[in-house]
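> Take a look and give me a structure for this.
(one chain, ligands or ions: 1)
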Amino acid sequence: IEHRPLYGKHVLVTAGPTHEPIDPVRYLANRSSGKQGYAIAAAAAAAGAKVTLVSGPVHLRTPLGVDRIDVGSAEEMAAAVRGALPADVAIMVAAVADWRPRDYIERKIKKRGSAPPALILSENPDILASVAASAERPELLIGFAAETNDVVDNARKKRKNKGVDWIVANDVSGEVMGGDDNQVHLVRENKVEHWDAMTKQDVAMKLVTQIAERLTENA
Ligand code: C5P
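Reported below is the predicted structural model:
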């Protein structure tokens, strides 16, 4: 493999959770640590790519040579992603919240009366699907799928429904979220690879190697 196989390519990565504000002190979120997305951004930069990392709130250091844009909510992430295009490759690793509180309350909700307040949700934009449908769709668009059951079947469906090229599917019923290891299945157009359990860094390097091969195939 060449030394810097992604030299001259712009790679966009999303990572981390999103925080969906309820009021100035509260939010809805999920257990994503950002580790897998950050490892992918680092591996792409090490492979010579210009990397834009759109990151939700995480406790991780920016990898060397990566341009990082911090966002909070899914709507902010969607705007940052639109602003970061065009890209040759986009790898959407972020665990975007599916829903947000419909109404943001400007002042801290008070604990008063007997009934707790009801949380009414509305649907967040699907960032991946909108990138897939956009005029600036990257040449290679990769989504992640965190599943607790029927992992590969659901990933196959997701690949088609979202209009993406590859889906990296992982089983998050164990300790993947927040952990250092991952076990994934790479669902491509006409084959599925089952990778052994390995560190998130190794998943990142293996994925970047395959991305580089794919871009040279099509060159
Ligand atoms: O449908 P699901 O959330 O399982 O799809 C996961 C994939 O879609 C991930 O690549 C994730 O980053 C992306 N996604 C997104 N915007 C959403 C929901 C998911 O970009 N609102």
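> Tell me which residues of stretch 175-189 come out buried.
Buried residues in stretch 175-189, defined by neighbour count with 16 or more other CB atoms under 10 Å: 176-177, 182-187. (Glycine included, C-beta is placed from N, CA and C.)
> How far off centre is stretch 198-217?
Taking CA atoms, centre = their mean, to the nearest Å, the mean C-alpha location of stretch 198-217 is offset from the chain mean by 16 Å.
> Say whether the ligand is contacted by that stretch.
No - using CB under 6 Å from any ligand atom, we find that stretch 198-217 stays clear of the ligand, coming within 12.9 Å at best.
> same question for that stretch, mean pLDDT?
Taken as a whole, stretch 198-217 has a mean pLDDT of 96.
> which of the residues in it are buried?
Applying 16+ other CB under 10 Å to stretch 198-217 flags 200-208, 210-212, 214-215 as buried.
> quick one: which of these is nearest the ligand?
The ligand has its nearest neighbour among the buried residues of stretch 198-217 in Leu207, at 12.9 Å by CB to the nearest ligand atom.
> and that closest one, that one's in a helix?
Yes - if the criterion is DSSP: H, G, I helix; E, B strand; the rest coil, then Leu207 is within a helix.
> so who does it touch?
Contacts for Leu207 were tallied using CB atoms under 8 Å, 6 or more residues apart in numbering; they are 40, 43, 91, 142, 168, 186.
> And the furthest pair within these?
Farthest pair in the contacts of Leu207 (CB to CB) is Ala43 and Leu186. Separation: 14.7 Å.
> can you dump the C-alpha coordinates of stretch 135-153 into PDB?
Coordinates of each C-alpha in stretch 135-153 appear next as PDB, following Å, rounded to 0.1, in the frame of the first residue of the first chain:
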ATOM      1  CA  ALA A 135     -26.300  17.400  -5.600                       C
ATOM      2  CA  GLU A 136     -23.000  17.300  -3.800                       C
ATOM      3  CA  ARG A 137     -23.200  13.600  -2.900                       C
ATOM      4  CA  PRO A 138     -19.700  12.300  -2.300                       C
ATOM      5  CA  GLU A 139     -18.300   9.700  -4.700                       C
ATOM      6  CA  LEU A 140     -18.200   7.200  -1.700                       C
ATOM      7  CA  LEU A 141     -20.800   7.600   1.000                       C
ATOM      8  CA  ILE A 142     -20.500   5.400   4.100                       C
ATOM      9  CA  GLY A 143     -23.000   5.100   6.900                       C
ATOM     10  CA  PHE A 144     -22.800   3.300  10.200                       C
ATOM     11  CA  ALA A 145     -25.600   1.200  11.700                       C
ATOM     12  CA  ALA A 146     -25.700   0.500  15.400                       C
ATOM     13  CA  GLU A 147     -28.100  -2.400  15.900                       C
ATOM     14  CA  THR A 148     -29.000  -4.700  18.800                       C
ATOM     15  CA  ASN A 149     -30.600  -7.500  16.700                       C
ATOM     16  CA  ASP A 150     -30.700  -8.700  13.100                       C
ATOM     17  CA  VAL A 151     -27.500  -6.700  12.500                       C
ATOM     18  CA  VAL A 152     -26.700  -7.500   8.900                       C
ATOM     19  CA  ASP A 153     -30.200  -7.700   7.700                       C
END
